[in-house]
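Student: Structure of the sequence below:
(chains A and B)
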Amino acid sequence: MAYNLKQTLNKEERLSPGHRMCSGCGATIGVRNVLRGLHEGDEAVITCATSCLEVSSYMYPYTAWKDSFIHDAFENAGATCGGVEAAYRALRKKGKVKNTHKFIAFGGDGGTYDIGFQSLSGAMERNHDMVYVCYDNEAYMNTGIQRSSATPMYADTTTTPVGSVSEGKPQNRKDLAQVIAAHNIPYVAQTTFVKNFRDLHVKSEKAIYTPGAAFLNVLAPCPRGWRYNTPDILDICQLAVDTCFWPLFEVIEGEWIVNYTPKKKLPIEDFLRPQGRFKHLFKPGKEHLIADIQDEVDRRWDDLLKRAK
Amino acid sequence: MAIRDRLSGNEAVANAMRQINPDVMAAYPITPSTEIPQYFTTFVSNGQVDTEFIPVESEHSAMSACIGSEAAGARTITATSSCGLALMWEVLNVAASDRLPICVALVNRALSGPININCDHSDAMGARNTGWIQVFSENNQEAYDNMVMAYRIAEHPSVMTPIMVCQDGFITSHAVENIELLEDKVVKDFVGEYEPEHYLLKDNESIAYGPYAVTNYVMEARRAQLEGLRNAKQVALDVAREFEQISGRSYGLFEEYRLEDADFAMVIIGSAAGTAKDTVDLLRDKGIKAGILKIRLFRPFPAEEIAEALKGVKYLAIMDRCEDFNGNCGPLGAEVRSALYNKNYFPKTINYCYGLGGRDVTVDSLTSVFDDLRKIEETGEVGDVYRYLSVRE
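Tutor: Predicted structure coming up:
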């Protein structure tokens, strides 16, 4: 079915307003738009790792989720969702479930890149018919902005605080989409909020309706953790893709496809400058640190282009 | 017609699972692993069951997948041992709190370290306060029978609490014994279909599991959970009565062996109870009034009933196959003493730690425990209230 923006936006919301996520939160924008990938009439079971999203959207006795929802623990959304999907196969076989149900797991980068990594890897390798969506805000925001393996180099976090002998996080970020692609599952994609959200909508629908395991990595800025002007989230996301810090790509049955190549690749400073977590990099004498980040961004972008050839 | 066979405890439990034909099994072979999933996946591969088997990448994921599956509306099972249960610990609590009647076949083996693959109860005892029903078995027949009864207890609407069916590692799990199996159809009819009221996959209806709850709700949630667990006691007795009608074998909350007029008694769990019964027979032949109370239901702990059963006992030994590291006693020691105290029964009591990591339990070693009780009778002195049996010091 051809993509139609108006139709997609007119779909009924599956995450109700009234949840307690921060205003301008990237995770909520991500969830609402991923769920637009579901076809009307299809039911879904949402699995959620412990996260801002979970504690703010299902606070007893209220839930914001219109679909069935399960939160188990922090590190096991992959396995939990796999269990639900296996139950679906079993109950379909017995005729106890007749409707079509789809399975979507959400986790932040902490629950996905780090503590939930084994559970995710297992679920992907077993090729459950499910989508795992990481809303990547590049740190443990729920527990107070601690660093994760998704945090970019030199970011100021509460466990990599900038100090007299520290420039922020000393290590590079993990490239999780690439790691999951190495599981050779049917569909992997990286996306964020750009322009009219077509990229996110199309990839969500593909991920949900591709039989077997699928993984979506969604850059979902956190205004509190990143310290940018909250209403500027779409500008921040656009800069992430125009600097090639966050390339938009898909891996379909092992074939790498770059979905967006900026006409003019912007310098990484443009993405870093509006964010308080990188403020220390703009003091005199710190230019070499920005150069380090630029080198890594360039290296990874070139590597991606080679894969996509 | 009952089927006579010779099976190991692992085979016996796997066969009960085949007859139950659960919807989903998720399992992982941590070291030490149990053979139960291996036997069971053979049934899956040969189309003898309809079960979806999830070969997860750890026991933590096994229990997590079980939680997802059971919440989705599927009767779900797993099997584990030792460190595997320890790795599940976090999510065992979640399963119980979500009121999901999952069944775990547990083969009791020592926790690390040192790493050891033999029997003791440190795994089950480590998980004793996670909100699960725990049923222990003395031999292969009991392990099989308890497995057949498990879902009837766990899924009862007044209970809705997960259940752990325990048997002793190697001694029961690997030893081949004579056993009487029920016919497949008899088990199927006894266990029945799982028809939960609400579940994730119910067509045209949504439900949410696993909320964040603030201070205002947690105590009420825990209190409701306790009620379900407590109800398991009566349900276990009701189910046992029905089970007796199909099997001819009778079960209670615990078994009393020559206990009625006993002056000297031993409270014990699992396979060593068989050895203890032989010990008691020999002592009775010598005119010594000895008896045994063998625990079947450990969680919920039938404190009042146990205290009443031990009412007339003058000298008591409580046997723990687990070191609890509280410095004073084992878990069974603490429970039984507390039960007696609440009823104002004060037999002279000692608590033993025994059989760790598969250390042999023999008629001789258990006779020495009764000898110790008789020494207390002679001297009037209890002495050390917490002792190690058969240990080199």
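Student: which residues touch whatever residue of the stretch 151-300 of chain A ends up closest to chain B?
Tutor: Proximity of the stretch 151-300 of chain A to chain B (CB to the nearest CB) peaks at A:H183, 12.0 Å away. Any C-beta I mention is one placed from the backbone N, CA and C, and that applies to glycine too. A:H183 makes contact with A:121, A:124-125, A:213 under the criterion CB atoms under 8 Å, 6 or more residues apart in numbering or on different chains.
Student: where's it relative to B:V24, distance?
Tutor: The gap separating A:H183 from B:V24 is 23 Å, by CB to CB, to the nearest Å.
Student: If you tally nearby residues, what's the number for the residue of the stretch 101-250 of chain A found nearest chain B?
Tutor: At 3.4 Å from chain B, A:G122 is the closest residue in the stretch 101-250 of chain A, using CB to the nearest CB. Per other CB atoms under 10 Å in any protein chain shown, the neighbour tally for A:G122 reads 25.
Student: again with A:P17
Tutor: When neighbours are counted by other CB under 10 Å, A:P17 comes out with 8.
Student: need the contact list for it.
Tutor: Contacts of A:P17 (CB under 8 Å, 6+ apart): A:A64.
Student: A:N172 touches A:A155, doesn't it?
Tutor: No: A:N172 lies out of contact with A:A155 (CB atoms under 8 Å); the separation is 11.0 Å.
Student: Same drill for those two, tell me which one is more crowded.
Tutor: Counted by other CB under 10 Å, A:N172 and A:A155 do not tie: A:A155 has more neighbours, with 26 against 16.
Student: okay, that one: pLDDT?
Tutor: Per-residue pLDDT puts A:A155 at 98.
Student: Just to check, it is in contact with A:K169?
Tutor: Yes: judged on CB under 8 Å, A:A155 makes contact with A:K169 at a distance of 5.1 Å.
Student: Identify the residues contacting residue 57.
Tutor: Because you didn't say which chain, this covers chain A. A:15, A:19-21, A:48, A:63-65.
Student: if you could check chain B rather than the one you did, that'd help
Tutor: Taking CB under 8 Å, 6+ apart as the test, what B:E57 contacts is A:118-119, A:121-122, A:125, B:28.
Student: Next: A:P267.
Tutor: A:243, A:294.
Student: how about 10 Å then?
Tutor: Residues in contact with A:P267 (CB atoms under 10 Å, 6 or more residues apart in numbering or on different chains) are A:242-243, A:273, A:290, A:294, A:297.
Student: ok, so of the residues you listed, who is nearest B:T130?
Tutor: A:V297 (46.9 Å; CB to CB).
Student: which strands and helices sit next to the helix or strand containing the closest one?
Tutor: Using DSSP states H and E, A:V297 sits in helix A:287-307. Counting contacts by 3 or more CB pairs under 10 Å, 6 or more residues apart in numbering or on different chains; DSSP states H and E, helix A:287-307 is packed against helix A:176-181, strand A:249-252, strand A:255-258, helix A:269-272.
Student: export the ones you listed to TSV and tack on mean neighbour count, distance to B:D320 and mean pLDDT?
Tutor: What follows is the helices and strands packed on helix A:287-307, written out as TSV (neighbours: other CB atoms under 10 Å in any protein chain shown; distance: least, CB to CB, whole Å; pLDDT from 0 to 100):
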stretch	mean neighbour count	distance to B:D320	mean pLDDT
helix A:176-181	21	46	98
strand A:249-252	21	55	98
strand A:255-258	14	59	98
helix A:269-272	20	61	98
